[in-house]
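Chemist: Can you look at this prediction? I've put the sequence above it.
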Amino acid sequence: MTANNSWRMRRLAGLLAGAVSAAGAADKSPYHLFNPVPSAWLREMSTDRPDKTESPYTVDAGHFQVEADLVNYSYDVHNVARDHTLTESFALTPLNLKMGLCNRVDLQLVLPLYTAVRTRDRAVGTVQKSRGFGDVLARVKWNLWGNDGGDTAFALMPYVKFPTAGRTLGNGAVEGGLILPLAVALPRGWGMGLMTQLDLNEDADGSGHHPEWINTVTFSHDIVGDLAGFVEFFSSVSSDRGAQWIGTVDLGLTYGFTRNIQLDAGVNIGVTRSADDWNPFLGISFRF
């Protein structure tokens, strides 16, 4: 579920400096959920999508942001078992709802409203289907530096997963972890995002929990006007017995339709058998 925001980083310091000069003040610390930051002082909108690398920037205090896949489809036939199984999944409007609590902290609730999974054994012709509501994630993002300017930004993002999905869509376990996203402004208008994530997930046999490590790197650049593109590498390694390394190469576009609305589209391409072969998506984010 992440965003590509580095294409905006080059303009961030200038926009904030202009807003501060016009308002005559730079301190946004007095603002909170019930005392929103004035619209003229809002930082450039930052999203945790469409790439998998989370953004270190928070939603301004007292404001709300919605990030959603309009359509998300995955296709996988080159699996680890090397059998005749074809697995397809379709997710409709999974939402990341964000609320700015103060200048450096926002609260997030990730709601997978509808997911459908279809697994077909092409050798014998059998089909298994699962559909319904998925597992809910509650996350907190705490920006440590760079929220309102600078060449780098970093945040801590602890999260908890609640087992709200049916057994055929989830494992029925409470899980959690910590996400560490870093954004870096590079020369010539390039932006780089780095992320390390440590998860504590239930073992496949239900006997306990094990750690999993996710690492990503993404590079982005403006293409023309408010259209930008990114390329990303994603890696997930699990210590669970028999688990395989998951790797993808991700490509996508973002378009700043307005100051508070962003459109995106892209595709995640599996480079290991444990990853989905193809995962195209189309999404939208808006702030108010």
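Modeler: Structure received. A quick note: this is a predicted structure, and the numbers were derived from the prediction, not measured. Numbering: from 1, shown residues only.

Chemist: For residue 253, give the beta-bridge partners.
Modeler: As for beta bridges, residue 253 partners with residue 229, residue 265 under DSSP bridges.

Chemist: do the same with residue 89
Modeler: residue 74, residue 117.

Chemist: Now do the same contact list for it.
Modeler: By Cβ atoms under 8 Å, 6 or more residues apart in numbering, residue 89 lies in contact with 73, 74, 115, 116, 117, 118, 276. (Each C-beta comes from the backbone N, C-alpha and C, glycine too.)

Chemist: ok, 10 Å please
Modeler: Counting by Cβ atoms under 10 Å, 6 or more residues apart in numbering, residue 89 touches 72-76, 115-119, 130-131, 169, 276, 279.

Chemist: Could you report the separation of it from residue 279?
Modeler: Per Cβ to Cβ, to the nearest Å, residue 89 is found 9 Å from residue 279.

Chemist: Mutual contacts of the two, please.
Modeler: Residues within reach of residue 89 and of residue 279 at once, by Cβ under 10 Å, 6+ apart, are 72, 73, 74, 75, 76.

Chemist: filter those residues to the buried ones?
Modeler: Among the shared contacts of residue 89 and residue 279, those scoring as buried are 72, 73, 74, 76 (criterion: 16 or more other Cβ atoms under 10 Å).

Chemist: Tell me the one of those nearest residue 186?
Modeler: residue 72 (29.3 Å; Cβ to Cβ).

Chemist: What pLDDT does the model give the closest one?
Modeler: Looking at residue 72, its pLDDT reads 97.

Chemist: Helix or strand for it, just tell me which one.
Modeler: Assessed by DSSP states H and E, residue 72 sits inside strand 64-76.

Chemist: Show me what whatever helix or strand residue 217 lives in is packed against.
Modeler: Per DSSP H and E: residue 217 is located in strand 209-224. Under the contact criterion of 3 or more Cβ pairs under 10 Å, 6 or more residues apart in numbering; DSSP states H and E, strand 209-224 touches helix 9-23, strand 175-185, strand 191-202, strand 227-238, strand 246-258.

Chemist: Pipe those into JSON lines and attach mean pLDDT and distance to residue 152 per row.
Modeler: Below are those laid out as JSON lines (pLDDT from 0 to 100; distance: least, Cβ to Cβ, whole Å):
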{"stretch": "helix 9-23", "mean pLDDT": "39", "distance to residue 152": "9"}
{"stretch": "strand 175-185", "mean pLDDT": "98", "distance to residue 152": "5"}
{"stretch": "strand 191-202", "mean pLDDT": "97", "distance to residue 152": "10"}
{"stretch": "strand 227-238", "mean pLDDT": "98", "distance to residue 152": "18"}
{"stretch": "strand 246-258", "mean pLDDT": "98", "distance to residue 152": "21"}
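
Chemist: Any idea which of these gets closest to residue 158?
Modeler: strand 175-185 (5.2 Å).

Chemist: ok, now how distant is the closest residue to residue 250 other than its chain neighbours from residue 270?
Modeler: Leaving aside its sequence neighbours, residue 250 sits nearest to residue 232 (Cβ to Cβ, 6 or more residues apart in numbering; 4.1 Å). Distance, residue 232 to residue 270, using Cβ to Cβ: 13 Å.

Chemist: Then residue 174?
Modeler: From residue 174 to residue 270 the distance is 28 Å (Cβ to Cβ).
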